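Asks: Output the structure for:
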Amino acid sequence: MQFKIILSHTINVMVIPLMLFCFGCSSSTKIAEQNVNGDKTETEYINIEKDAKMPLPFISFESEKEYRQILTADYNGKKNSLLCIVKLNQDGINLTGLTLSSIPLFNLKYEKQNLQGKYYVPKSMLPPVNQVLFDIMLAFDGKNRLSEEISKEYIIHRDDNAVTLGKLDGKELYSIKYAQYDTENLPVKIVNHEFNYSINLKYIKK
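Replies: Numbers count the residues shown, from 1 in each chain. Take a look at the predicted model:
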């Protein structure tokens, strides 16, 4: 019993600050529930702007990749970190989130346009998963497939060192920087200008 109390306290201490950051960024993102068969009961959405949402797009990836990262989120000067395991494949994305001491928090599978999740803490403590998935897709979409999946009023510019997502009127919503890791050019910083947060990504070798 004492161990469970200590474990619960550890999770709360490490997770709540990050969750406050995430909810401050996008508190109105709607998360669809799954039924017992794993089917979606409603359309998934993301908040692309404070006063605008759009359906969560879906893309798959040609080759199978796995990345272990420490994500450090900065929201209004407050920094918090999370360990993530990102798996990309032809079916979609598998994302596992853990505390820095490797206590599991959640696992998300966004495969074949079907989103399923397992949660080891109350979902109310977690960031809006749709927004997290969109950030990952935008950062790792080397083929720029998202351009065909998002609303036509938004445009994605991509080169080897940077990605920007903005509106046709010139308003910039996202900027992403890349750096060389071994033989790959990988995202190292995601900045969301609309919700005033940034995420630094540090890669851990397996």
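
Asks: all contacts plus neighbour counts: C-alpha atoms, from now on.
Replies: OK.

Asks: Can you say which helix or strand has the most centrally placed residue in the chain in it?
Replies: Residue closest to the mean C-alpha point of the chain, counted by C-alpha atoms, centre = their mean, is Val132 at 2.0 Å. Per DSSP states H and E: Val132 is located in helix 129-140.

Asks: any idea how far that helix is from the chain center?
Replies: The gap between where helix 129-140 is centred and where its chain is centred comes out at 4 Å by C-alpha atoms, centre = their mean, to the nearest Å.

Asks: Show the subsequent helix or strand relative to it.
Replies: strand 154-158.

Asks: helices and strands around that next one, which ones?
Replies: strand 162-167 (3 or more C-alpha pairs under 8 Å, 6 or more residues apart in numbering; DSSP states H and E).

Asks: Who are the packing partners of the strand it packs on?
Replies: strand 154-158, strand 172-181.

Asks: buried stuff in the first one?
Replies: Put plainly, it is strand 154-158. 154-156, 158 (16 or more other C-alpha atoms under 10 Å).

Asks: Please list the outside residues in contact with it.
Replies: 144, 147, 163-168 (C-alpha atoms under 8 Å, 6 or more residues apart in numbering).

Asks: Give me the buried entries from those.
Replies: Looks like these have 144, 147, 163-166 buried, using 16+ other C-alpha under 10 Å.

Asks: Including distance to Ser175, could these go into CSV?
Replies: Shown next, in CSV, are the buried ones among the contacts of strand 154-158 (distance: C-alpha to C-alpha, whole Å):
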residue, distance to Ser175
Asn144, 14
Ser147, 15
Val163, 6
Thr164, 4
Leu165, 7
Gly166, 9
